[in-house]
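>>> Model the structure of this input:
(one chain, ligands or ions: 1)
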Amino acid sequence: MKKILITGATGQIGSELTLALRKKYGSTQVVAGGHPSKPPSDNLKESGPFVIVECLDIESISKIVEEHQIDTIYHLAALLSANAEKNPKLAWQVNIQGLLNVLDVANSYHCAVFFPSSIGVFGSSTPKNKTPQNTIQRPSTIYGISKLTGELLCDYYYHKYNVDVRGVRFPGLISYETLPGGGTTDYAVEIFYEAITKSRYTCPLKEDTYLDMMYMPDAIKAAMQIMEVDGRNLPQRVGYNITAMSFCPRELAIEIKKWIPRFEVEYNVDKSKQAIADSWPNSMNDQVARREWGWQPRYDLPGMTKDMIEKLKLKLGNNRHHIKML
Ligand code: AKB
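Below you'll find the model as predicted:
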């Protein structure tokens, strides 16, 4: 039976992954680890063990792993791309030193590790369309540099110490439970909140900026699935390209308008976010993940949009008089 620790459990992925893992393995088997700066929701705290984990303090991680007899760590704590650009040194500390600490603890206590990488590992010299699994990687953002270094560190710990590290390159993630924070792809979540509450949205990216995206249920499925397959079938191990859809803000707005006809988008480009988005692929090729461990997304753009609007409508309650009946 797995005993799991999740770092960054109060974040966008962690808050949903914790509940999904508790449903599968039992609530006492999954320890949610949060940072003091981001308190847990009632649901997260009440559905199983919650601890404060400070990833920059290796003792804090070891203590929890030992006390709870952890054998698997989902290491989600990280700074996202736009925030990382504002504070590159902190991003390096959190994203690299934090990962090194987790890998060292995993090595000492024989834990498996899940490492979430990102489309950010690619840069402007990478082929932009259907970006292959293995290709040119010269990221120009500190976030991308930290994620690419993270992938290499994971490879190193696997080959040198046999630490069972696995991971994927997530695209932008869209969800209704917990807001993302400080990412370049956050617009694809914010747009739904604003569409429902105000029927208007001011987008920080140009209307024709294509990026890979994924609905959270698919991201959770990927994170759970890759940790369950036989490791001998994972020659790539970390940094698997995975994607579910590629769209630009204009196409997302058209899809939302099908449900909220009065919805309007204007564009006020944030230069820093646009530069980051322009350096990332338009779309990734995820054939290697499909072939090696059976990766298969469920949600496309229309399916995700319909579900997001249905779920957010329930969550946000009142302000939904402009929404066409689903
Ligand atoms: C970000 O925008 O920084 C993240 C990512 C694509 O890794 N959502």
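>>> And the strands in this structure, which stretches?
Applying DSSP state E to the chain gives strands spanning 4-7, 30-34, 50-52, 72-75, 112-118, 165-170, 172-174, 200-203, 211-215, 240-241, 245-247, 264-267.
>>> what's the helix or strand bottoming out on mean pLDDT in the chain in contact with?
Across the helices and strands of the chain, mean pLDDT, DSSP states H and E gives its lowest value to helix 42-46, namely a mean of 93. With contact meaning Cβ atoms under 8 Å, 6 or more residues apart in numbering, helix 42-46 is reached by 9-10, 15, 18-19, 32, 34, 50. (Each C-beta comes from the backbone N, C-alpha and C, glycine too.)
>>> got the CA positions of it in CSV?
Provided in CSV are the C-alpha atoms of helix 42-46 (Å, rounded to 0.1, in the frame of the first residue of the first chain):
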residue,chain,number,x,y,z
ASP,A,42,-11.2,23.0,4.9
ASN,A,43,-11.7,20.1,2.5
LEU,A,44,-8.0,19.4,2.2
LYS,A,45,-7.4,19.7,6.0
GLU,A,46,-10.4,17.6,7.0
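>>> Begin at 44 from now on, thanks
With the count now opening at 44, the last piece we talked about shows up as helix 85-89.
>>> Now do the buried residues in that helix.
Neighbour counts over helix 85-89 (16 or more other Cβ atoms under 10 Å) mark Leu87 as buried.
>>> now stretch 340-352
Result for stretch 340-352 [16+ other Cβ under 10 Å]: buried residues 340, 342, 344, 347-348, 350-352.
>>> Near the ligand, which residues of the stretch 94-243 of the chain? Just list them.
123-124, 161-163, 186, 213-216, 226-228 (Cβ under 6 Å from any ligand atom).
>>> Let's have the strands of the chain in TSV, adding mean neighbour count.
Shown next, in TSV, are the strands of the chain (neighbours: other Cβ atoms under 10 Å):
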stretch	mean neighbour count
strand 47-50	26
strand 73-77	26
strand 93-95	15
strand 115-118	26
strand 155-161	24
strand 208-213	26
strand 215-217	26
strand 243-246	18
strand 254-258	25
strand 283-284	26
strand 288-290	22
strand 307-310	14
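>>> Pipe those into CSV and attach mean pLDDT and distance to Ile269 per row.
Shown next, in CSV, are these (pLDDT from 0 to 100; distance: least, Cβ to Cβ, whole Å):
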stretch, mean pLDDT, distance to Ile269
strand 47-50, 98, 14
strand 73-77, 98, 17
strand 93-95, 97, 24
strand 115-118, 98, 11
strand 155-161, 98, 7
strand 208-213, 98, 5
strand 215-217, 98, 16
strand 243-246, 98, 32
strand 254-258, 98, 14
strand 283-284, 98, 7
strand 288-290, 98, 20
strand 307-310, 98, 35
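>>> Any chance of TSV for these, columns distance to Glu298?
Shown next, in TSV, are those (distance: least, Cβ to Cβ, whole Å):
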stretch	distance to Glu298
strand 47-50	32
strand 73-77	33
strand 93-95	37
strand 115-118	31
strand 155-161	24
strand 208-213	21
strand 215-217	12
strand 243-246	13
strand 254-258	12
strand 283-284	24
strand 288-290	8
strand 307-310	12
